[in-house]
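A.B. asks: how would this look folded up:
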Amino acid sequence: MAELVFFSGTMDCGKSTLALQTHHNHAARGRQGVLYTRHDRAGAATISSRLGLVQPAVEVLDTTSFWDDVVERRTHGAVVDYLVADEAQFYSAEQVEQLACVVDELGVDVYAFGITTDFRTRLFPGSARLVELADRVEVLQVQALCWCGRRATHNARTVGGLMVTEGEQVVVGDVGVDDVVAYEVLCRRHHMRQQTARSARAASPSPQTLDEAAG
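C.D. replies: Numbers count the residues shown, from 1 in each chain. Okay, the predicted model is just below:
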């Protein structure tokens with residue numbers, strides 16, 4: 001039976017890599033699918049992994065209907081066995097409901113990939129609806145790490161390396177980039193303290209300071 005599966009995790013834990021691997025595995029067995037994404041870091045209609053893997057995909061817009069798209073493809077003779085839906089946190093609740101209908105009414109497997117919460121630790125609407133509707137929710141086993149070495153569980157938005165807690169929910173950036181807007185994964189402790197790698201370095205005494213204190 002077809003199913004809706006939601007693979008979730010923090011940024012930098014390999015979601016897009018797994019999305020592309022999932023597509024490869026099914027395609028290698030002769031199944032035909034459609035790849036979707038929204039706001040990919042590459043800024044184009046692609047699914048891109050930080051390992052360098054890239055695959056063309058359909059860009060999901062506010063007006064996109066997964067139901068209409070799959071029905072139209074099948075009406076024109078295309079075989080659609082599965083969907084790979086990356087960056088699913090950016091989908092609307094209604095679009096997630098469409099994915100569930102595609103599974104239940106058309107027998108198409110849907111594999112959705114996305115982060116659960118935003119930089120304020122609030123659920124994305126798409127992720128919240130996926131948790132509510134998915135047949136299975138699987139947390140990715142590849143652990144992203146906070147700068148302190150602990151498992152990273154939260155996503156932080158940074159400006160110039162310093163954590164911010166206000167702003168639009170969706171602002172596209174990347175991890176490990178010291179840009180105007182970037183993102184960093186943190187453990188809960190350091191997310192609560194708003195302590196990024198950069199601010200931690202700034203707060204730590206330099207070796208010269210320690211030498212002077214000892215002298």
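A.B. asks: low-confidence regions, this protein specifically.
C.D. replies: Within the chain, the ranges that satisfy pLDDT under 70 run 41-43, 141-142, 170-179, 204-215.
A.B. asks: tell me which residues of stretch 121-138 are tucked away?
C.D. replies: Residues of stretch 121-138 classed as buried: Phe124, Pro125, Gly126, Ser127, Ala128, Arg129, Leu130, Leu133, Ala134, Val137 (neighbour count, 16 or more other CB atoms under 10 Å). Yep, even glycine has a C-beta here, placed from its N, CA and C like the rest.
A.B. asks: for stretch 140-148, same thing?
C.D. replies: For stretch 140-148, the buried set under the neighbour-count rule, 16+ other CB under 10 Å, comprises Leu140, Gln143, Ala144, Cys146, Trp147.
A.B. asks: does Cys148 sit in a helix or strand, and which one?
C.D. replies: Using DSSP states H and E, no element contains Cys148; it sits outside every helix and strand.
A.B. asks: show me what contacts it?
C.D. replies: Taking CB atoms under 8 Å, 6 or more residues apart in numbering as the contact definition, Cys148 lies against Cys187, Arg189, His190, Ala200.
A.B. asks: how much space separates Phe113 from Val137?
C.D. replies: According to CB to CB, to the nearest Å, Phe113 and Val137 sit 12 Å apart.
A.B. asks: between the two, what contacts are shared?
C.D. replies: Applying CB under 8 Å, 6+ apart, one finds that Phe113 and Val137 are jointly contacted by Phe6, Ser8.
A.B. asks: now Arg151. Nearest residue, chain neighbours left out?
C.D. replies: The spatial neighbour of Arg151 that comes closest, neighbours along the chain excluded (CB to CB, 6 or more residues apart in numbering), is Gln143 at 5.0 Å.
A.B. asks: tabulate the buried residues of stretch 121-138 (a markdown table), appending secondary structure and distance to Thr158.
C.D. replies: Shown next, in a markdown table, are the buried residues of stretch 121-138 (DSSP: H, G, I helix; E, B strand; the rest coil; distance: CB to CB, whole Å):
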| residue | secondary structure | distance to Thr158 |
| --- | --- | --- |
| Phe124 | coil | 19 |
| Pro125 | helix | 23 |
| Gly126 | helix | 23 |
| Ser127 | helix | 21 |
| Ala128 | helix | 24 |
| Arg129 | helix | 28 |
| Leu130 | helix | 26 |
| Leu133 | helix | 32 |
| Ala134 | coil | 30 |
| Val137 | strand | 28 |
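A.B. asks: and the residues you listed, which is closest to Thr64?
C.D. replies: Gly126 (12.2 Å; CB to CB).
A.B. asks: and the helices in this structure, which stretches?
C.D. replies: With DSSP state H as the criterion, the chain has helices at 15-28, 66-75, 93-106, 125-133, 188-192, 197-203, 207-214.
A.B. asks: from Gly161, how far off is the residue nearest the centre of the chain?
C.D. replies: Centroid-nearest residue in the chain, with CA atoms, centre = their mean: Gly114, separated by 3.4 Å. For Gly114, the distance to Gly161 (CB to CB) stands at 25 Å.
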